[in-house]
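Colleague: Build me a structure from this.
(chains A and B)
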2 protein chains.
Amino acid sequence: MPVSRQMRLLSHPPGTRPVPGEVALEKVEVPDPGPGEVLVRNLYMAVDPGLLLRMRPLDGLVPDFPVGEVMWGHALGEVESSRDPALRPGDVVLHRLAWREFAVAPASTFRKVDADAYPSVSHHLSSAVVAYVGLRQTRIDPGDTVVVSSAAGAVGSVAGQLARIGGAGRVIGSVGSAAKVAFAVETLGFDEAFDYHDGWPDLGGVDVYYDNVGGRQLEAAIDAMRPHGRILLNGGTEQQLTGETYGIRNMQMVIAKRLTLQGFTTDDHPDLLPAFDREFPALVAGGAVVLHETIIDGLENIIAATRAQLDGAYLGKVLLRF
Amino acid sequence: MPVSRQMRLLSHPPGTRPVPGEVALEKVEVPDPGPGEVLVRNLYMAVDPGLLLRMRPLDGLVPDFPVGEVMWGHALGEVESSRDPALRPGDVVLHRLAWREFAVAPASTFRKVDADAYPSVSHHLSSAVVAYVGLRQTRIDPGDTVVVSSAAGAVGSVAGQLARIGGAGRVIGSVGSAAKVAFAVETLGFDEAFDYHDGWPDLGGVDVYYDNVGGRQLEAAIDAMRPHGRILLNGGTEQQLTGETYGIRNMQMVIAKRLTLQGFTTDDHPDLLPAFDREFPALVAGGAVVLHETIIDGLENIIAATRAQLDGAYLGKVLLRF
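Modeller: This is a model prediction of the structure:
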């Protein structure tokens, strides 16, 4: 019977960063799977701002983790033993039972993936599907200027690359450091990138803005848009990072420029997943899209990694490797 | 040769209300129309917040009236004499040469309308086309709850009635006084109305919000929307009235609720005008839509009327009768 380390929430973090005392790392014996159940050994879990968002009770935007429970989140694992014919030992599965080294649950909890679809099995945890679904909420006309915020992050890094493939003429990244400017241009192939701490430069007119941060950058984007521009609203990390609710003062320009602002979540679009699974892995395997990962080892390091990620320390998708 | 009174802009009003000294009412002799020109005697002009917006230089949202020039705006007139075969004496025409009792201009400046299309010829100056075009920027599902702000105003009063005809199950008006609450319910047939000064009540979920005011009411609407709700952004009178730029603090809810915010202007949709001209007058003539007007007499009273309108004194469309 394996022993699994897992992390339990002790209290909701009051601040904008989780601290170690708010969680407990504990060891439990993993039970044998019962009839219809599967034992999965986790390989990776995603480290993303949503983890913090679910640790803190924040305006009811997303369901909070209950205090006293083992937390959840996107994870990728390998089946160790199975008492359901749908899954076999060695199968690689996506699921939401993160924050633990082993998970036992009914087979329907897990979704089997093609372990060979991507160059690395960890790519199944990329945020590419968010970028993909988001861009399908609007059109990109040939030659459009597309700006992506958090362009060095998990979603933004892919959104910019997919916008280019979708016909954008100019792809510009907003990022938080000089190192990320270089990463966006040199590694991801953005045409340009800028450090938003210096304010948004004159971009010469923006047709599509893929927003991962909200707040001041959303306001800057509204100022920068061309008439009939489209803004995809996917995230509000500014508010999470600063703990401050910033008021958007230039909504008048949304009328004057006849802009469309579209909030979306990936969960609303299961219909797009088959096309994503069919199209996207080949783009990565063929080198058309770079999936950059930052990998942190050991569940004991996840709170520190979450803090560092919120502070902007990492590039691309951040994964915790068990 | 007739004498025409006209109004010239002397200086941009620095405040949120125009004052008489900023314009000059003058008398000029009206020249005879030259070849291809037409002499029009104005019957009515529209008194709307856009007049003030164009008198004040405000963020470049709309073109300002040049200081020293006679101002312009929507007007309805009757052809007195014509030197172009396209127009004849007695024809009723829509045009933009307001702020003057007579206008001489090339025939192409004027658009002939059917003088008998509506119960009153003044109805050609209604803001119904704005309501009509706005509602066509989104869908109304059968039974939807639709909220309209400035519901006793020129656009809002029609938007609510058209939303009902378009299938809304519940039409609610946000207005600025108890008298307007009664007007919206009793005269316009809204299901409910409330005075926004008391804050937005719990509306039980809103599917479509037709916004004429922006600012605090837009923020209240975002809080009140159901998931996948749609917000039509058509005006920002709050900012005009208060001179204050209010920041919208709950854009995170646009993501969480997957809302769509759509700015629009009527000028972008000339393709919808033939359908409007075909469909709308019959709705008024048949009594399905009430076009309420407040009529002020005399060009010398237009600045006072504009002030009173901005202060919320009037119901429905405000017209200046020459």
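
Colleague: ok but residue A:140 is inside a strand, no?
Modeller: No: per DSSP: H, G, I helix; E, B strand; the rest coil, residue A:140 lies outside any strand segment and is coil.

Colleague: Which element, helix or strand, includes the nearest residue to residue A:272 once chain neighbours are set aside?
Modeller: Spatially, and ignoring its direct neighbours in sequence, residue A:272 is nearest to residue A:133 (5.3 Å; C-beta to C-beta, 6 or more residues apart in numbering or on different chains). Glycine gets a C-beta too; all of them are placed from N, C-alpha and C. Element membership of residue A:133, judged by DSSP states H and E, is helix A:128-135.

Colleague: Buried residues, that helix. List them.
Modeller: Within helix A:128-135, the residues scored as buried using 16 or more other C-beta atoms under 10 Å in any protein chain shown are A:128-135.

Colleague: Closest one of these to residue A:32?
Modeller: For residue A:32, the nearest member of those is residue A:129. The distance, counting by C-beta to C-beta, is 33.5 Å.

Colleague: Give the closest residue to the closest one in space, chain neighbours not counted.
Modeller: With C-beta to C-beta, 6+ apart as the criterion, residue A:129 has its nearest non-adjacent residue at 5.3 Å, and that residue is residue A:276.

Colleague: so what's the one you found up against?
Modeller: Residue A:276 is in contact with A:128-129, A:132-133, counting by C-beta atoms under 8 Å, 6 or more residues apart in numbering or on different chains.

Colleague: One more: residue A:6?
Modeller: By C-beta under 8 Å, 6+ apart, residue A:6 lies in contact with A:25-28, A:70, A:99-101, A:299.

Colleague: Determine whether the claim that it is in a helix is correct.
Modeller: No: when the secondary structure is assigned by three-state DSSP, residue A:6 falls in strand instead of a helix.

Colleague: And the pLDDT for it?
Modeller: On pLDDT, residue A:6 comes in at 96.

Colleague: Would you mind measuring from it to residue A:103?
Modeller: Noted for residue A:6: a distance of 9 Å to residue A:103, by C-beta to C-beta, to the nearest Å.

Colleague: so residue A:294 bridges to which residues?
Modeller: When bridges are called by DSSP bridges, residue A:294 pairs up with residue A:318.

Colleague: okay, now the closest residue to residue A:243 other than its chain neighbours: neighbour count?
Modeller: If the residues on either side of it in the chain are set aside, residue A:243 comes closest to residue A:16, at 4.2 Å by C-beta to C-beta, 6+ apart. When neighbours are counted by other C-beta atoms under 10 Å in any protein chain shown, residue A:16 registers 16.

Colleague: Repeat that for residue A:24.
Modeller: Other residues near residue A:24 come to 13 when the count uses other C-beta under 10 Å.

Colleague: Could you name the helices and strands sitting against the host helix or strand of it?
Modeller: Secondary structure assigned from DSSP H and E places residue A:24 in strand A:23-29. Packed against strand A:23-29, as judged by 3 or more C-beta pairs under 8 Å, 6 or more residues apart in numbering or on different chains; DSSP states H and E, are the following elements: strand A:3-9.

Colleague: tell me which residues of the strand it packs on are tucked away?
Modeller: For strand A:3-9, the buried set under the neighbour-count rule, 16+ other C-beta under 10 Å, comprises A:4-9.

Colleague: Could I get the CA-only coordinates of that strand as CSV?
Modeller: Once side chains and other backbone atoms are set aside, the C-alpha atoms of strand A:3-9 remain, and they are given as CSV (Å, rounded to 0.1, in the frame of the first residue of the first chain):
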residue,chain,number,x,y,z
VAL,A,3,2.1,6.3,1.0
SER,A,4,0.9,9.5,-0.5
ARG,A,5,1.8,13.0,0.5
GLN,A,6,-1.0,15.5,0.1
MET,A,7,-1.8,19.1,1.0
ARG,A,8,-4.7,20.2,3.0
LEU,A,9,-6.0,23.8,3.3
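
Colleague: Compute the inter-axis angle for that strand and strand A:23-29.
Modeller: Between strand A:3-9 and strand A:23-29, the angle formed by their directions is 150 degrees, by axes from the mean of the first three to the mean of the last three C-alpha atoms, to 10 degrees.

Colleague: hang on, the earlier thing: what subset of the contacts of residue A:6 is buried?
Modeller: Among those, those buried by neighbour count (16+ other C-beta under 10 Å) are A:70, A:99-101, A:299.

Colleague: can you list those in TSV and add distance to chain B and secondary structure?
Modeller: As requested, those are exported to TSV (distance: C-beta to the nearest C-beta, whole Å; DSSP: H, G, I helix; E, B strand; the rest coil):
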residue	distance to chain B	secondary structure
A:70	25	strand
A:99	23	coil
A:100	28	strand
A:101	32	coil
A:299	29	helix
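
Colleague: What count of nearby residues applies to residue A:159?
Modeller: By other C-beta under 10 Å, 32 other residues sit near residue A:159.

Colleague: Which of the helices or strands spans it?
Modeller: helix A:154-165.

Colleague: which strands and helices sit next to that helix?
Modeller: Secondary-structure packing of helix A:154-165 (3+ C-beta pairs under 8 Å, 6+ apart): helix A:128-135, strand A:145-149, strand A:170-175, strand A:206-211, strand A:317-321.

Colleague: contact partners of it?
Modeller: Contacts of helix A:154-165 from elsewhere in the structure, counted by C-beta under 8 Å, 6+ apart, are A:46, A:48, A:126-128, A:130-132, A:134-135, A:140, A:146, A:148-151, A:171, A:173, A:184, A:188-190, A:208, A:210, A:212, A:234-235, A:283, A:288-292, A:315-318.

Colleague: And stretch A:12-32, by the same measure?
Modeller: Contacting residues not belonging to stretch A:12-32 are listed as A:1-11, A:39, A:51-52, A:55-57, A:64, A:67, A:71, A:81, A:102, A:104, A:240-243, A:299-300, A:303-304, A:306-307, A:310-311 [C-beta under 8 Å, 6+ apart].

Colleague: In strands, which of those fall?
Modeller: Counting by DSSP state E, the members of the contacts of stretch A:12-32 that fall within strands are A:3-9, A:39, A:81, A:102, A:104.

Colleague: Could you single out the nearest of the residues you listed to residue B:263?
Modeller: Distance to residue B:263, by C-beta to C-beta, is smallest for residue A:9 among those, at 41.5 Å.

Colleague: Quick check: the gap between that closest one and residue A:70.
Modeller: On the measure of C-beta to C-beta, residue A:9 and residue A:70 end up 8 Å apart.

Colleague: quick one on the thing from earlier: what distance do you get for the residue nearest to residue A:129 to residue A:282?
Modeller: According to C-beta to C-beta, residue A:276 stands 11 Å off from residue A:282.

Colleague: ok, which stretches of chain A are helices?
Modeller: Remark: helices assigned in chain A by DSSP state H are A:49-55, A:128-135, A:154-165, A:178-182, A:215-224, A:237-242, A:252-256, A:273-285, A:302-310.

Colleague: Using CSV, list the CA coordinates for the last one.
Modeller: When you say that, I think you mean helix A:302-310. Extracted in CSV, the C-alpha atoms of helix A:302-310 (Å, rounded to 0.1, in the frame of the first residue of the first chain):
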residue,chain,number,x,y,z
ILE,A,302,4.3,24.2,-4.3
ILE,A,303,3.5,27.2,-2.0
ALA,A,304,6.8,28.8,-2.6
ALA,A,305,6.4,28.1,-6.3
THR,A,306,2.9,29.7,-6.3
ARG,A,307,4.3,32.8,-4.6
ALA,A,308,7.2,33.0,-7.1
GLN,A,309,4.8,32.6,-10.0
LEU,A,310,2.5,35.4,-8.7
